[in-house]
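Q: Only the shape, not the letters, is given here:
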Ligand SMILES: C[S@@+](CC[C@H](N)C(=O)[O-])C[C@H]1O[C@@H](n2cnc3c(N)ncnc32)[C@H](O)[C@@H]1O
């Protein structure tokens, strides 16, 4: 284990044996966790860490995790760059609006680099369960293949901290036959900035159907998505090519699967987003696809205007 010497091991063993008085009793299981060899998660489903006490839990770096969204946001497993985006992504307000609580079983669809995974895993750590999708990293033998690169980076992130120990991964080979979890076993499915891709490639209905099946009756689907102009009457697939989706179109698509829109929020709205850029939504931060061209202008606009939608799977009958 890099950086973990024989001396460290002896100190850990000694501290655990002597139950160092300064350590709160509840922190001992976490100390043992920090001292244990680094876990190597596999693709196989695993149970969450059941023993971790929600209130006093600490991660390996000593930051509080678990028990609340707030504690997860303060976790040391989050990078500086990710922390910096809290101001624009509003994770506390967004996840509170969706009704996330630590004991829930949650699915995150298409996590990409895992910005929200870090927050969700920290929130449910020791109490609930997080299931995320990932690419099929065996889809190609070329290490430069996008799916291999992004999928491997995400899998590596899940090995980087004990916080991810309970995270299950569903490998997506074909969205048409996507099973996220046994039917009716999930409390909440979340998706951030992915719907344009699904509208564009024609998989939106399939993926939202998979979410509907996995959710229990009364379960919540939370959607954050770059929002097109309300009067943009072009083909939704053409609009989606620039990263945006019209709000009424997305609501209609999701309700057609069986969901009911419960509430909308303007937490992630940005009235400065003019939605008419050369490189679509990727012109804005965090992508800045035009690189140095008008960078200050786009930085001043900020991240895109986003809809925030909470749907519910109606109770049967
Ligand atoms: C626009 S990004 C949004 C990422 C993330 N949801 C967020 O908001 O930070 C869409 C991402 O979905 C990822 N993606 C596509 N298929 C995926 C899959 N099967 N599992 C996980 N991520 C996937 C892509 O790599 C891309 O990074």
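A: Perfect, thanks for sending it. Everything numeric in this text was worked out from a predicted model, so none of it was measured.
Q: how about residue 114, what does it touch?
A: Shown in contact with residue 114 (Cβ atoms under 8 Å, 6 or more residues apart in numbering): 132, 154, 157, 158. Heads up, the C-betas are built off the backbone N, CA and C, glycines and all.
Q: The residues you listed in helices, which ones?
A: 154, 157 (DSSP state H).
Q: Show me which pair in the contacts of residue 114 is furthest apart.
A: Within the contacts of residue 114, 132 and 157 form the most distant pair, 10.2 Å apart (Cβ to Cβ).
Q: the more surrounded of these two?
A: residue 132 (24 against 19; other Cβ atoms under 10 Å).
Q: For that one, list each beta-bridge partner.
A: As for beta bridges, residue 132 partners with residue 108, residue 169 under DSSP bridges.
Q: Please name the nearest non-neighbouring residue to the closest residue to the ligand within the stretch 1-150 of the chain.
A: Nearest residue of the stretch 1-150 of the chain to the ligand: residue 112, at 2.7 Å (Cβ to the nearest ligand atom). Leaving out its chain neighbours, the residue that sits closest to residue 112 by Cβ to Cβ, 6 or more residues apart in numbering is residue 150, at 6.9 Å.
Q: what's the answer for residue 199, then?
A: Closest to residue 199 by Cβ to Cβ, 6+ apart is residue 240, at 4.1 Å.
Q: before we move on, the earlier item: overlap of the contact sets of residue 132 and residue 157?
A: Joint contacts of residue 132 and residue 157 (Cβ under 8 Å, 6+ apart) are 114, 117.
Q: close enough to count as contact, the residue nearest to residue 112 and residue 135?
A: Yes - with contact defined as Cβ atoms under 8 Å, residue 150 counts as touching residue 135 (6.1 Å).
Q: neighbour count winner among the two?
A: Just comparing residue 150 and residue 135: by other Cβ under 10 Å the higher neighbour count belongs to residue 135, 22 against 17.
Q: in what helix or strand does the closest residue to the more buried one other than its chain neighbours lie?
A: Nearest non-adjacent residue to residue 135, counting by Cβ to Cβ, 6+ apart: residue 151, 3.4 Å away. Here residue 151 sits within helix 146-157, counting by DSSP states H and E.
Q: for residue 220, same thing?
A: Going by DSSP H and E, residue 220 is in strand 215-226.
Q: Which strands and helices lie in contact with that strand?
A: helix 91-98, strand 186-192, helix 195-201, helix 204-214, helix 247-255, strand 306-312 (3 or more Cβ pairs under 8 Å, 6 or more residues apart in numbering; DSSP states H and E).
Q: just to revisit the earlier point, buried sites along the helix holding residue 151?
A: 147, 148, 150, 151, 154, 155, 157 (16 or more other Cβ atoms under 10 Å).
Q: Identify the residues contacting the residue nearest to residue 199.
A: 196, 197, 199, 200.
Q: And these, which is closest to the ligand?
A: Nearest to the ligand among the contacts of residue 240, with distances taken as Cβ to the nearest ligand atom, is residue 197, at 6.1 Å.
Q: Make sure the closest one is actually in contact with residue 109.
A: No - checked against Cβ under 8 Å, the pair residue 197 and residue 109 is beyond contact range at 10.5 Å.
Q: Quick check on these two: which one has the bigger neighbour count.
A: residue 109 (24 against 15).
Q: Give the full set of residues in contact with that one.
A: By Cβ under 8 Å, 6+ apart, the neighbours of residue 109 are 132, 133, 180, 189, 190, 191, 194, 207, 211.
Q: Now do it, the pLDDT please.
A: At residue 109, the pLDDT value in this model is 98.
Q: and if you look at residue 48?
A: Looking at residue 48, its pLDDT stands at 36.
Q: Repeat that for residue 193.
A: For residue 193, the pLDDT comes out at 98.
Q: ok, it touching residue 223?
A: No - the pair residue 193 / residue 223 is not scored as a contact, 9.7 Å apart, by Cβ under 8 Å.
Q: of these two, who's got more company?
A: In terms of neighbours (other Cβ under 10 Å), residue 223 is the more surrounded of residue 193 and residue 223; the figures are 28 against 21.
Q: wait, what's in contact with the closest residue to the more buried one other than its chain neighbours?
A: The shortest distance from residue 223 to any non-neighbouring residue, by Cβ to Cβ, 6+ apart, is to residue 309 (4.5 Å). Residue 309 is in contact with 222, 223, 224, 225, 247, 250, 251, 254, 261, 263, 264, 265, counting by Cβ under 8 Å, 6+ apart.
Q: and with 10 Å instead?
A: For residue 309, the contacting residues are 97-98, 195, 221-225, 227, 247, 250-251, 254, 259, 261-265, by Cβ atoms under 10 Å, 6 or more residues apart in numbering.
Q: hang on, the earlier thing: tell me the residues that contact both of residue 197 and residue 109, please.
A: In contact with both residue 197 and residue 109: residue 207, using Cβ under 10 Å, 6+ apart.
Q: For the stretch 51-200 of the chain, give me the ranges with low pLDDT.
A: 51-66 (pLDDT under 70).
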